[in-house]
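[1] Provided below are the primary sequence and the corresponding predicted coordinates.
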Amino acid sequence: MIKYDYLIVGAGLFGSVFAYEAAKAGKKCLVIDKRNHIGGNIYCENIEGINVHKYGAHIFHTSNKKVWEYVNSFTEFNRYTNSPVANYKGEIYNLPFNMNTFNKLWGVITPEEAKDKIEQQRKEAGITKPNNLEEQAISLVGTDIYEKLIKGYTEKQWGRNATELPAFIIKRLPVRFTYDNNYFNDKYQGIPEGGYNIIIEKMLQAADIKLNTDFFENREELETLADKIVFTGMIDEFYNYRFGHLEYRSLRFEHEILDTDNYQGNAVVNYTEREIPFTRIIEHKHFEFGEQEKTVITREYPAEWKIGDEPYYPINNDRNNELFNKYRELGEKEEKVIFGGRLADYKYYDMHHVIYNALEAVKKEFGN
Ligand code: FAD
Ligand code: UDP
């Protein structure tokens, strides 16, 4: 018995944007999620009056005006600008790599001096055409920064040598020859006032929602409920791993309430040495300039992924990209399934990419 136009698997950002736009087009949606809450990885939990980003720090940034206006139509965004600092064996460096970082490391004052220093280190390393993350990093910022701020962090984050990782991962980070600590180059940036849940709640207002429901545990019955499926889970799982498993990287979050009003003076502090097992500590109140008496911090531990764990990051090396292309080819032949989001597209998307893609999928489906 078909009751719905769309069964949406996953109440994250992709599924929620789709559900909101589908409702506007007069369609009826059932949204399911295996977790016990909506929002996917942008979900926040209010603890001690602080919006705690339960699945890691989420800072919204985009250069796409339409996407920015779209998210702002659900709630206002504050003026938060992400400026993480790196702690390497007790030494503090500004991120992303900019004149403050170069000055602290080498004592250089001018952009020219910094560029000379990097050029000298790149020459010594003999890199002409970077083929992997290590070579890309050294050619961008030199060996000193690579050794102190990149190698250890990257190898614990990904559980692989930096020589086995794709170069694009490090290109996410700006390198600047100005004294500007803004982590992003995007035109628009901020945190939704009151946290991310408000946005998702509004997006899912008109949909029926079933939580604690895993698509694969009841697939046959769920598939009969709707004309079409929007699938935002793992694409290899959708096809029962028939070509083999895609690899992911998982995380473990350790949340702690502390009896102090300011633990680290910044929302994000990265721990870049290999010996410390977590990559960063997030102090959530600083995303919203909170003045609560207590604070909540989260240590983020990278973890090997195995079936049943949360697949936080796709690992986009050649092996996995080739495998994904096989699944994508199957996906493209489906007439009744729309795939989207970080897991189904197996891409290292930020939130703005996901919203853009969901709006494109909506356009294809409903026109205009
Ligand atoms: P998800 O949020 O993963 O939602 C998918 C949903 O599908 C989940 O709720 C899952 O439970 C559900 N699901 C999966 N399989 C099934 C199934 N079989 N049955 C039922 N439900 C299922 N982006 C930024 O722009 N800025 C940031 O600062 C930022 N920081 C990040 C930090 C971390 C640690 C991580 C992991 C990501 C970060 N991102 C950031 C990326 C951002 O989280 C994603 O781009 C976005 O949330 C992806 O939305 P989605 O809907 O594709 O996936
Ligand atoms: N990175 C690093 N040192 C840092 C921060 C980031 O080497 O202090 C590298 C690391 O390889 C990481 C990548 O840059 O995976 C991208 O960092 P980003 O902060 O964008 O990662 P995310 O927030 O997506 O985990």
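    Received the coordinates, thanks. Numbers count the residues shown, from 1 in each chain. Ligands and ions are numbered 1, 2, ... in the order given.
[2] show me what from the stretch 1-150 of the chain comes close to ligand 2.
    Taking CB under 6 Å from any ligand atom as the contact definition, the stretch 1-150 of the chain meets ligand 2 at A86, L95, L149, I150. To be clear about C-beta, it is placed using only N, CA and C from the backbone, and glycine gets the same treatment.
[3] for I2, give me the pLDDT.
    With respect to pLDDT, I2 scores 76.
[4] the helix or strand bottoming out on mean pLDDT in the chain and ligand 2 in contact?
    Across the helices and strands of the chain, mean pLDDT, DSSP states H and E gives its lowest value to helix 168-171, namely a mean of 93. Yes. Using CB under 6 Å from any ligand atom, helix 168-171 reaches ligand 2 at I169, I170.
[5] for E113, state which of the residues of the stretch 1-150 of the chain next to ligand 2 is nearest.
    Within these, the smallest distance to E113 is 18.8 Å, found for L149 (CB to CB).
[6] re the thing from before, list the buried residues of the least confident helix or strand of the chain.
    Residues of helix 168-171 classed as buried: I169, I170 (neighbour count, 16 or more other CB atoms under 10 Å).
[7] list the helices and strands it packs on?
    helix 133-145, helix 151-158 (3 or more CB pairs under 8 Å, 6 or more residues apart in numbering; DSSP states H and E).
[8] can you name the next helix or strand after it?
    Downstream of helix 168-171, the next assigned helix or strand under DSSP states H and E is strand 188-190.
[9] that older thread, what residues does the least confident helix or strand of the chain touch?
    With contacts defined as CB atoms under 8 Å, 6 or more residues apart in numbering, helix 168-171 is touched by L133, Q136, A137, L140, I150, T154, W158, N316, Y348.
[10] who touches E48 in this structure?
    E48 neighbours (CB under 8 Å, 6+ apart): I257, Q292, E293, K294, T295, V296.
[11] from T110, how far off is whatever residue of the stretch 251-368 of the chain ends up closest to ligand 2?
    Residue of the stretch 251-368 of the chain nearest ligand 2, by CB to the nearest ligand atom: N270 (3.8 Å). In this view, N270 and T110 are 26 Å apart by CB to CB, to the nearest Å.
[12] and what of L165?
    For L165, the distance to T110 equals 32 Å [CB to CB].
[13] my guess is I315 contacts E247. True?
    Yes. The pair I315 / E247 is scored as a contact, 4.6 Å apart, by CB atoms under 8 Å.
[14] alright, I will stop here.
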